[in-house]
Each structure stands twice: as structure tokens, then as C-alpha cells.
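In: the sequence and its predicted three-dimensional model are supplied below.
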Amino acid sequence: MTINLKHQQSRYWIGVVSASHVKLGVQGGFAQLCHGKSTPLRRMSSNDWLIYYSPRTDLSRGEALQAFTAIGLVADDRVYEYPMSESFVPYRRNIRYLPCREVKITTLLDQLTFTSGNRNWGYNFRFGHFEIGFEDFRTIAGAMLGDTDNIQHILKSHH
């Protein structure tokens with residue numbers, strides 16, 4: 001399998017969010033990270049890729065999941081506030097999500113540079129948002145989008 005889509009301007013990111021919140025973001029076409037903070041969203045640029053990793057099904061009492069749950073392209077350069085209640089106004093960013101399948105991280109641990117051979121592979125995820133290299137992106141995206149000849153076409157059509 002090859003995903004040869006490497007654009008100089010594209011960067012690749014992991015966002016850590018519970019699966020139930022990922023589902024809301026996918027349905028609404030947005031990303032919200034680190035409890036609504038703007039900084040992680042501002043680190044990303046239009047045409048960057050975001051892959052969500054969900055440690056749990058729900059934020060507080062959810063079951064352990066440890067899976068990549070969504071993948072999408074940052075749609076524009078706009079970071080905006082979205083009032084969810086009078087006391088909670090998080091920042092969001094528009095994302096164009098691709099249809100994908102959930103992939104357990106345990107199936108990829110030996111293939112990813114940020115987890116391979118590392119007993120404490122979950123450390124990076126504690127930050128809630130971090131950058132990964134193109135090779136790791138290609139590995140995760142290939143698993144999520146399916147090992148088909150259409151992967152490069154799918155990714156290009158969303159740029």
C-alpha cells in the first residue's frame with residue numbers, strides 16, 4: 001500500500017478526544033481540542049490533516065477504546081468561538097472528514113515511530129494534540145481508509 005500524498009504545506013496531527021465527542025465533531029464538521037482551547041487549533045493550518053485518537057468511548061466514565069476514530073482535512077484558516085452554554089464557549093475549527101473505520105492502536109504500535117519499542121507509548125497522548133510525521137500519518141490513514149488503490153485518490157480529492 002502506498003499513499004504518496006506529501007505536500008510541502010501539509011502537516012499531520014493527532015488530536016486526543018473521547019469517541020462520543022469525536023462523533024459530534026464529525027457530524028458537525030468541526031474539531032474541538034483540549035477542552036476547547038484555541039492554541040492547538042491555531043497550530044494547524046488549512047490543508048493539514050487531523051487524526052483523532054480516542055482513549056475512551058466517553059470522557060469521564062467511558063470504556064477503554066484506544067483507537068483512531070476519525071480522519072479529516074483542515075478546511076480553512078478560521079478558528080472561532082462556539083457558545084455551547086453560557087459558561088462554556090470553546091474554540092472550534094472546520095474539518096472535512098473522510099469516511100473511515102476505527103483502528104485499534106495496538107494493531108499499529110510496532111509500525112509507528114512515536115510508539116514503536118516504547119513501553120510508555122501513551123505519553124504523547126497526554127498532551128491532547130501533537131504533530132506526527134508523514135510516514136506515521138500514511139500508516140494510520142492507510143489502516144483507517146482501507147488498503148486499496150483508491151487511498152491516494154481519496155486523499156487528493158479532499159485537498
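Out: It's in.

In: quick one: residues contacting the residue positioned nearest the centre of the chain.
Out: Nearest to the mean C-alpha position of the chain, by C-alpha atoms, centre = their mean, lies Ile51 at 1.7 Å. Listed by C-beta atoms under 8 Å, 6 or more residues apart in numbering, the contact set of Ile51 reads Tyr12, Trp13, Ile14, Gly15, Phe68, Ala70, Ile71, Ile132, Phe137, Ile140, Ala141, Met144. Any C-beta I mention is one placed from the backbone N, CA and C, and that applies to glycine too.

In: tell me the one among those nearest to Arg126.
Out: For the contacts of Ile51, the minimum distance to Arg126 (C-beta to C-beta) is 11.7 Å, reached by Ile14.

In: list the contacts of that closest one.
Out: Here Ile14 is in contact with Leu50, Ile51, Tyr52, Tyr53, Asn124, Phe125, His129, Phe130, Glu131, Ile132 (C-beta under 8 Å, 6+ apart).

In: swap in Gly133?
Out: Contacts of Gly133 (C-beta under 8 Å, 6+ apart): Tyr12, Thr113.

In: look up how far Ile105 lies from Ser60.
Out: 21 Å (C-beta to C-beta, to the nearest Å).

In: repeat that for Val89.
Out: Val89 is 32 Å from Ile105, by C-beta to C-beta.

In: same drill for the two, tell me which one is more crowded.
Out: The residue with more neighbours, out of Val89 and Ile105, is Ile105; 20 against 11, by other C-beta atoms under 10 Å.

In: that one against Thr115, yeah?
Out: Yes - the criterion here is C-beta atoms under 8 Å, and Ile105 meets it with Thr115 at 7.2 Å.
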